[in-house]
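**Q** all I have is the shape, not the residue letters:
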């Protein structure tokens, strides 16, 4: 009976001692030192990214002029050939344009980048933020 009580106590302690821990969010911010001028394009790239990408936020800061353009989410598995998987981000004439590409379009790819294109007479700075769940 004492063995049974001891084993029950040990099992109960083990059950309460184990508490699953929530995975932390890891945020990677890449700010381009490049500015886009008038009809131009530029890229903000993330190196090889581990699994668990949750979202990428594209931010375009209008420095001067009239903002117009788009942001595209592109991916690659061979570091050479890039494929556009989301082109839903269009810029308005706001001082800051932002768009979040969500996990529904993420998939599991080796590298990610955001392609920015501008048109008209504008000077714009590019920035992208990648959020992934730590595995």
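**A** Sure, I can see it. Since the structure is predicted, the reported quantities are computational estimates derived from the model, not experimental observations. Numbering: from 1, shown residues only.

**Q** from here on, contacts and neighbour counts on C-alpha atoms
**A** OK.

**Q** so what touches stretch 63-80?
**A** For stretch 63-80, the surrounding residues in contact (Cα atoms under 8 Å, 6 or more residues apart in numbering) are 58, 82-95, 101, 109-125.

**Q** doesn't residue 122 make contact with residue 37?
**A** Yes. Using Cα atoms under 8 Å, residue 37 makes contact with residue 122 at a distance of 5.7 Å.

**Q** about what we covered before: out of the contacts of stretch 63-80, which are inside strands?
**A** The strands, defined by DSSP state E, take in 58, 83-91, 101, 111-118, 122-125 from these.

**Q** can you pull out the helices in this protein?
**A** Under the criterion DSSP state H, helices of the chain are mapped to 2-17.

**Q** tally of neighbours for residue 69?
**A** Residue 69 has 20 neighbouring residues, counting by other Cα atoms under 10 Å.

**Q** ditto for residue 83
**A** 14.

**Q** residue contacts, it?
**A** For residue 83, the contact set (Cα under 8 Å, 6+ apart) comprises 74, 75, 76.

**Q** how near is it to residue 72?
**A** Using Cα to Cα, to the nearest Å, we find residue 83 at a distance of 10 Å from residue 72.

**Q** in stretch 124-135, what's buried?
**A** For stretch 124-135, burial by neighbour count (16 or more other Cα atoms under 10 Å) applies to 124, 125, 126, 127, 128, 129, 130, 131, 132, 133.

**Q** dump these to TSV, plus distance to residue 62 and pLDDT.
**A** Shown next, in TSV, are these (distance: Cα to Cα, whole Å; pLDDT from 0 to 100):
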residue	distance to residue 62	pLDDT
124	4	90
125	7	90
126	9	89
127	11	88
128	15	88
129	17	86
130	21	82
131	24	81
132	27	74
133	31	67
